[in-house]
Each structure stands twice: as structure tokens, then as C-alpha cells.
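> Prediction below, plus the sequence it came from.
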Amino acid sequence: MALLNNFFIAFSMIALFLSSIHMTLAARQLLQLPTIPNLPNVNLPPLPTMPTLPNAVTLPPLPSTQMPTLPTIPTTIPQLSLPPLAAASLPTIPTTIPSIPTIPSLSPPPSTTSP
């Protein structure tokens with residue numbers, strides 16, 4: 001991964017270096033071009049006048065309608081009653097740790113010959 005990052009950074013630096021060389025050559029070439037002659041002035045016809053807008057028409061007033069009354073919000077909160085919990089006994093937590101059973105180890109049979 002580090003090799004890929006290093007390759008990407010090196011490639012980016014080379015691309016930036018080469019692009020800056022091309023930009024400086026292009027700028028030098030533009031500076032060496034002869035100046036552009038001034039364009040002749042063209043007599044344009046005058047712009048047309050703005051059309052007049054009609055006078056604002058007054059709209060008739062909107063009819064007044066009676067808004068319906070909103071319902072009232074109760075100020076007291078009703079008391080909620082929860083059913084009683086079942087009298088189930090909770091399991092007891094053992095205080096002693098039971099011993100871990102041992103696995104008998106298998107040993108090879110004794111050899112019949114001595115070395």
C-alpha cells in the first residue's frame with residue numbers, strides 16, 4: 001500500500017512539473033504574438049423604448065369568513081394505573097463457584113525394554 005502511495009505521489013509530481021513546462025511555453029508563445037488590431041466601431045441602431053405597463057388593477061377585498069373555533073386542551077393529565085406485577089420469585093445467584101471436572105490424562109504404556 002505504501003508503494004502505491006509513493007508511486008501516486010511521484011506520478012502526480014511529474015505530471016505537475018510537465019504541465020507547468022507546457023504552460024510556460026504557451027505563455028511565452030502568446031507574449032511573442034503581434035498585438036491584435038483594434039476593432040472598428042460599429043454604429044448600432046438605438047434600442048427600442050420600453051413598453052408601458054398597464055396601471056395596476058385593484059383587486060376586490062377577500063370575503064371575510066369566520067374561522068372555526070379550536071377545541072380546548074385539557075389542563076389535567078389522567079392518572080394511569082398499571083396492573084400489579086406477578087409475584088414470581090427471582091432465581092438465586094450462586095455464591096460458590098463449582099469445581100471444574102478434570103479430564104484424566106492418557107499416558108503411553110510403560111516400555112518393556114530398557115535402553
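Received the coordinates, thanks.

> Name the surrounding residues that touch stretch 101-115.
With contact meaning C-beta atoms under 8 Å, 6 or more residues apart in numbering, stretch 101-115 is reached by no other residue. Any C-beta I mention is one placed from the backbone N, CA and C, and that applies to glycine too.

> what number of residues lie near residue 15?
Neighbour count of residue 15, defined by other C-beta atoms under 10 Å: 10.

> Could you pull out the helices in the protein for me?
For the chain, helices defined by DSSP state H occupy the ranges 2-31.

> shaky segments in it?
88, 114-115 (pLDDT under 70).

> This structure: strands as residue ranges?
Under the criterion DSSP state E, the chain carries no strands.

> residue contacts, residue 1?
Counting by C-beta under 8 Å, 6+ apart, residue 1 has no contacts.

> how much space between it and residue 77?
Counting by C-beta to C-beta, to the nearest Å, the gap from residue 1 to residue 77 is 62 Å.

> Residue 32 now?
88 Å.

> Equivalent analysis for residue 49, please.
Relative to residue 77, and taking C-beta to C-beta, residue 49 is found at 72 Å.

> now swap in residue 104 and tell me
Residue 104 is 69 Å from residue 77, by C-beta to C-beta.

> again with residue 66
Applying C-beta to C-beta to residue 66 and residue 77 gives a distance of 32 Å.
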